[in-house]
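> Quick check, what structure comes out for this input:
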Amino acid sequence: MSPYAQKPPRLTPAAQYVLCACVLVAQGMVAAVNLLIPQLAASALHPSAGELLWSVDAYVIVFAGLLIPAGALGDRFGRKGALLTGLGLFAAGAATSALATVPAVLVAGRGVCGAGAALIMPATMSLLITLTPPARRSQALAAWTLAAGLGGLAGNVGGGLAGQFSTWRSLFWAMVPLAALLALAVARLTPRSPERTDAAPGPLGSLLLVTALTALVYGIIEGPPQGWGSARVLTAFGLGAVLLTVFTVHGLRAARPLLDPRIFASPVVRAGTLGIATAFFGLFALFYVNSQYLQYVKGFPVGLAGVAIVPLTVGMAVMPKFGARWQDRYGIRPVAGGGLAVIGLGLLLVSTADGGTPYALYAVYLLVISAGTGLCAPALTSAVIVGLPAHRSGLGSGLNTAAREIGAALGVAVVGTVLASRAGADGAGSSHAAAFAPAMSDGLRVVAVVLLVATVLVVLGTSGRPRGAAEEAGSGAGAEAGSVTRTGAAT
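Sure thing, here's the model as predicted:
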């Protein structure tokens, strides 16, 4: 028995704020560089079109590919240590990017940052879960989800302000002392979580999963510029499918697999994973077109375009506490399904925007999407987490965050493909401003339809209240796949 079993440590409010700040910073770097692409293209690095693309996407690929193994490493060797290591890698990658004199160094620095973020995200969630009493766990997850959502917005604002008033290097330099301060705060304020699993992360399973996810995300990212039927993209998808099959077979046969595929026998876990991916599919499709619409159609400068997305923070700040309360009272299904449906409605509203749409009305559309995201994200996160016992919470949070990043990459790929086909190969140049608004409308409508179809599947797979299941998971019950009770999951 753990020596902490009799007196388990608890997080102070200050420690909770620090953990959420770590989440915000890691998630923010997913979007921040998007607004700096014009400045990077004109910089002394002289990147090619492919190098410019990879300066953005290297972070996402490494981030998404390492999330589940990173969560398992935290479960095995300690969540606090994993978080501190992640912050160190994040700072090192940011410094490397800031010092880059050739595009390859910038891309490598972004990849190191992504590896740090992959350690940060599951460690913060699992620390919140294991160090928070079961009665307050849904509120803790709501705070984590809010920080993750606000991270995308902070990245847009930070990238826009850096592009408006400074250089792209300043964005990366700012991350170095920020990560150091967060590491110091974590070291001083955050206790070590008592639960640790005896299961090693499994090097073969980790290698298979990382390679498979990297191949799939690579195919998603390269699809729009290379063509979905190109040999490169089809090879990436084929390799990813083969490796995922091998990973699944290995997981079914291994004594201590990294991710037991049988956990997806639970309808709640399946639905929660799909729902998280779906929500961020819609949200990042919006992020992708938002700054372009505001700059090329409305004529906003880059700094103002970054700030103009702030209305998305309102619903994400206000709705999670209501969503957590309604989730405890009514269960996951109405909260998750209702929130996803509101996101779909908001995307349909944004799809009506054109050059004559007042920004005030556009901001209302953003508020609708914000409210839907804030409502459903905590419930969907709970649906994933309650499917695993508390001592495997790092793995569950890695799965949750991996679903976010893969959903985000898919959303960008889908809306980007429609933009490229309607607004021209560049998709977003000022010379294409007249074609951009109708292309954006078509892209967002496609995204909204996909999101609403997925919402139906999520609603069919979720039911019940997560609170009891979370408590059972924390006490060791429900450790086997499909054993989550009172959530609609069946063995």
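
> Mind giving me the packing neighbours of the host helix or strand of residue 188?
Residue 188 is part of helix 168-189 when elements are defined by DSSP states H and E. Here helix 168-189 touches helix 13-31, helix 79-98, helix 103-130, helix 137-165, going by 3 or more Cβ pairs under 8 Å, 6 or more residues apart in numbering; DSSP states H and E. Bear in mind the C-beta positions are built from the backbone N, C-alpha and C, glycine included.

> Heading C-terminal from it, find the next helix or strand.
Per DSSP H and E, the helix or strand that comes after helix 168-189 is helix 203-226.

> Counting residues, which helix of the chain comes out longest?
helix 393-423 (DSSP state H).

> Which is the succeeding secondary structure element to it?
Per DSSP H and E, helix 393-423 leads on to helix 433-461 as the next helix or strand towards the C-terminus.

> Please point out which parts of that following helix sit buried.
By 16 or more other Cβ atoms under 10 Å, the buried positions in helix 433-461 come out as 433, 435-437, 439-448, 450-452, 454-455, 458-459, 461.

> now it against helix 393-423, angle please.
Relative orientation of helix 433-461 versus helix 393-423 (axes from the mean of the first three to the mean of the last three Cα atoms, to 10 degrees): 140 degrees.

> check contacts around the residue nearest the centre of the chain.
By Cα atoms, centre = their mean, the chain has its centre lying nearest to residue 404, at 3.6 Å. By Cβ atoms under 8 Å, 6 or more residues apart in numbering, the residues touching residue 404 are 148, 276, 277, 280.

> For the third one, which non-adjacent residue is closest in space?
The shortest distance from residue 277 to any residue other than its chain neighbours is 3.3 Å, reached at residue 407 (Cβ to Cβ, 6 or more residues apart in numbering).

> From residue 174, how far off is that neighbour?
Going from residue 407 to residue 174 by Cβ to Cβ, to the nearest Å gives 28 Å.

> out of those two, which sits in the busier spot?
residue 407 (26 against 16; other Cβ atoms under 10 Å).

> who's in contact with residue 25?
For residue 25, the contact set (Cβ under 8 Å, 6+ apart) comprises 90, 120, 151, 154, 175, 178, 179, 182.

> For it, give me the pLDDT.
pLDDT recorded at residue 25 is 93.

> quick revisit: from the contacts of residue 404, which land in helices?
When DSSP H defines the helices, the subset of the contacts of residue 404 inside them is 148, 276, 277, 280.

> Make CSV out of those and add neighbour count.
Formatted as CSV, those follow (neighbours: other Cβ atoms under 10 Å):
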residue, neighbour count
148, 26
276, 28
277, 23
280, 29
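
> And the residues you listed, which two are furthest apart?
148 and 277 (13.5 Å; Cβ to Cβ).

> Just the C-alphas of stretch 372-388, formatted as PDB.
Only the C-alpha atoms of stretch 372-388 are listed here, as PDB (Å, rounded to 0.1, in the frame of the first residue of the first chain):
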ATOM      1  CA  GLY A 372     -21.200  24.700 -26.800                       C
ATOM      2  CA  THR A 373     -17.600  24.000 -26.300                       C
ATOM      3  CA  GLY A 374     -17.600  25.000 -22.600                       C
ATOM      4  CA  LEU A 375     -20.700  22.900 -22.000                       C
ATOM      5  CA  CYS A 376     -19.700  19.600 -23.600                       C
ATOM      6  CA  ALA A 377     -15.900  19.400 -23.100                       C
ATOM      7  CA  PRO A 378     -15.900  18.600 -19.400                       C
ATOM      8  CA  ALA A 379     -18.600  15.900 -19.800                       C
ATOM      9  CA  LEU A 380     -16.700  14.300 -22.700                       C
ATOM     10  CA  THR A 381     -13.500  14.400 -20.800                       C
ATOM     11  CA  SER A 382     -15.200  12.600 -17.900                       C
ATOM     12  CA  ALA A 383     -16.600  10.000 -20.300                       C
ATOM     13  CA  VAL A 384     -13.000   9.100 -21.300                       C
ATOM     14  CA  ILE A 385     -11.500   9.300 -17.800                       C
ATOM     15  CA  VAL A 386     -14.200   7.200 -15.900                       C
ATOM     16  CA  GLY A 387     -13.500   4.300 -18.200                       C
ATOM     17  CA  LEU A 388     -10.100   3.800 -16.500                       C
END
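
> I'd assumed residue 189 was in contact with residue 12.
Yes - Residue 12 lies in contact with residue 189 (Cβ atoms under 8 Å); the separation is 6.5 Å.

> Compare the two (neighbour count), which wins?
residue 189 (16 against 13).

> Now do the contacts for that one.
So residue 189 contacts 12, 14, 15, 18 (Cβ under 8 Å, 6+ apart).

> The last one - how many residues pack around it?
Residues near residue 18, counting by other Cβ under 10 Å, number 22.

> Start at 11, not 1
With 11 as the first residue, the last one maps to residue 28.

> For the nearest residue to it once chain neighbours are set aside, the count of nearby residues, please.
Distances taken as Cβ to Cβ, 6+ apart put residue 195 closest to residue 28, at 4.5 Å, once the chain neighbours are dropped. Number of residues near residue 195 (other Cβ under 10 Å) recorded here: 18.

> distance of residue 195 from residue 142?
On the measure of Cβ to Cβ, residue 195 and residue 142 end up 18 Å apart.

> show me what contacts residue 454?
295, 296, 299, 357, 358, 360, 361, 425.

> which among the contacts of residue 35 end up buried?
Looks like the contacts of residue 35 have 100, 130, 161, 164, 185, 188, 189, 192 buried, using 16+ other Cβ under 10 Å.

> Please list all residues in contact with the closest residue in space to the fourth one that isn't next to it in sequence.
So the one you mean is residue 164. Nearest-residue entry for residue 164: residue 38, 4.3 Å, with adjacent residues in sequence omitted and distances by Cβ to Cβ, 6+ apart. Contacts for residue 38 (Cβ under 8 Å, 6+ apart) come out as 161, 162, 164, 165, 168.

> I figured the first one hits residue 40, correct?
Yes - with the criterion set as Cβ under 8 Å, residue 161 and residue 40 qualify as a contacting pair; they are 7.4 Å apart.

> Work out the gap between the helix or strand hosting residue 292 and the centre of the chain.
In this structure, residue 292 is located in helix 277-302 according to DSSP H and E. Distance of helix 277-302 from its chain centroid, counting by Cα atoms, centre = their mean, to the nearest Å, is 9 Å.
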